[in-house]
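Asker: coordinates only, sequence not included:
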């Protein structure tokens with residue numbers, strides 16, 4: 001039994017070394033289980049950046065409350081099976097699991113089957129992303145490449161490039177346009 005525990009610990013440590021960003025699991029933030037899931041393929045060509053346009057959060061407690069609120073809106077008001085995004089970034093600098101890896105999101109009509117969606121918690125017409133938030137998002141994107149979820153030459157878009165919206169907010173839009181995989 002001790003050998004199994006040692007092997008499990010070694011696997012987890014190696015996984016953390018390969019996939020470097022720490023992602024707060026849905027269980028850790030008190031998220032509900034989805035009512036259904038659709039598998040998302042690997043080797044995707046796109047990642048789409050969003051903002052929730054809601055409340056900004058700067059502590060773990062505030063971010064977990066906001067995540068539960070976004071999930072409740074998506075599931076209870078919109079009738080979706082789960083929160084719409086694959087991952088969310090909090091003002092506390094943490095990356096949070098939404099639908100997670102290999103699960104199709106509901107974040108950009110006609111783009112859900114060919115992209116992962118990452119949303120920043122807050123309204124980035126008003127708020128500005130912090131260095132910690134930017135690093136967390138870039139870490140999720142790097143992990144997505146390492147895992148094979150998106151290909152290394154993926155194209156990064158802001159939501160406004162694939163839908164008629166001001167999302168991800170002007171301040172976040174100006175930031176992501178400086179990222180290496182962003183394309184006009």
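Answerer: Arrived safely. Since the model is a prediction, treat every value here as computed from it, not as a measurement.
Asker: what segments of this protein are helices?
Answerer: Secondary structure of the chain (DSSP state H): helices at 2-18, 60-72, 131-147, 170-176.
Asker: worst mean pLDDT among the ones you listed?
Answerer: Out of the helices of the chain, helix 2-18 stands lowest, with a mean of 44 (criterion: mean pLDDT).
Asker: what sits closest to residue 116 if chain neighbours are left out?
Answerer: Closest residue to residue 116 apart from its sequence neighbours, by C-beta to C-beta, 6 or more residues apart in numbering: residue 86 at 4.5 Å. Any C-beta I mention is one placed from the backbone N, CA and C, and that applies to glycine too.
Asker: any idea how far residue 61 is from that neighbour?
Answerer: For residue 86, the distance to residue 61 equals 23 Å [C-beta to C-beta, to the nearest Å].
Asker: again, but for residue 100
Answerer: 22 Å.
Asker: of those two, which one has the most company?
Answerer: Ranked by neighbour count (other C-beta atoms under 10 Å), residue 100 and residue 61 place residue 100 first, with 18 against 10.
Asker: identify the residues contacting residue 26.
Answerer: 96-98, 100 (C-beta atoms under 8 Å, 6 or more residues apart in numbering).
Asker: in strands, which of those residues fall?
Answerer: 96-97 (DSSP state E).
Asker: looking at the contacts of residue 26, which one is closest to residue 132?
Answerer: Using C-beta to C-beta, residue 96 comes nearest to residue 132 of the contacts of residue 26, at 13.4 Å.
Asker: got any ranges where this protein has weak pLDDT?
Answerer: Within the chain, the stretches with pLDDT under 70 are 1-20.
Asker: for residue 96, see how far away the residue minimising distance to the centre of it is.
Answerer: Central residue of the chain (C-alpha atoms, centre = their mean): residue 87, 1.8 Å from the mean position. Separation of residue 87 from residue 96 (C-beta to C-beta): 7 Å.
Asker: between the two, which contacts overlap?
Answerer: By C-beta under 8 Å, 6+ apart, the residues touching both residue 87 and residue 96 are residue 23.
Asker: and for the nearest residue to residue 110 once chain neighbours are set aside, the neighbour number?
Answerer: In space, and not counting its chain neighbours, residue 110 is closest to residue 162: 7.4 Å by C-beta to C-beta, 6+ apart. Residue 162 has 17 neighbours, counted by other C-beta under 10 Å.
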